[in-house]
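S.K.: quick one: sequence and predicted model below, then my questions.
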Amino acid sequence: MENVVLVVHLLLALSLIAVVLMQSSEGGGLGMGGGSVASGRTPQTALGKVTWALATCFILTSIALTIIAAEKAAGTSVVDRITDAPAPAPAADTPTLPGLGEEGLLPPAPGDAEPLIPSGE
């Protein structure tokens, strides 16, 4: 279902681009701009009607895709996926540095008596 709506959405977007590019550049696209306040409304052209229809369908498919995505994501959380992931193991080739514990990782384990910074031995 989602793929069908997505393909229709893509076709509507491409059609809307084509229709808008075919219109004259005199202003007044989608009934806005152009002319003065005293001049009445200009008659609606066929391309103007097609633009309105395509824009309405485009908005409806956008809303449909949003609803479909929200239903798919219901009950899941990014935080749940992060906490369920196992902790990465330290690399086997980690060098051992003096004064940094056996693994050579910072900070030293709790209760480790060795200093964090090596004393100049």
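M.R.: The structure has been received and is ready for your questions. As the structure is a prediction and not an experimental result, all values here were calculated from the model. Numbers count the residues shown, from 1 in each chain.
S.K.: any regions of this protein where pLDDT drops low?
M.R.: Along the chain, segments meeting pLDDT under 70 span 26-43, 78, 80-81, 83-109, 112-121.
S.K.: the helices in the chain, which residues?
M.R.: Applying DSSP state H to the chain gives helices spanning 2-22, 46-73, 78-84.
S.K.: okay, now T51: neighbour count?
M.R.: 21 (other Cβ atoms under 10 Å). Any C-beta I mention is one placed from the backbone N, CA and C, and that applies to glycine too.
S.K.: can you get me a residue count around the closest residue to L6 other than its chain neighbours?
M.R.: Leaving out its chain neighbours, the residue that sits closest to L6 by Cβ to Cβ, 6 or more residues apart in numbering is L65, at 6.6 Å. Per other Cβ under 10 Å, the neighbour tally for L65 reads 15.
S.K.: L65 touches V5, doesn't it?
M.R.: Yes - using Cβ atoms under 8 Å, L65 is in contact with V5, at 5.8 Å.
S.K.: okay, the helices of the chain in JSON lines with distance to P110 next?
M.R.: Shown next, in JSON lines, are those (distance: least, Cβ to Cβ, whole Å):
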{"stretch": "helix 2-22", "distance to P110": "50"}
{"stretch": "helix 46-73", "distance to P110": "40"}
{"stretch": "helix 78-84", "distance to P110": "23"}
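S.K.: now for the ones you listed, which one comes closest to G111?
M.R.: Closest to G111 of these, according to Cβ to Cβ: helix 78-84, at 26.9 Å.
S.K.: buried set for stretch 59-69?
M.R.: Using 16 or more other Cβ atoms under 10 Å as the burial criterion, the residues of stretch 59-69 that qualify are 61, 64.
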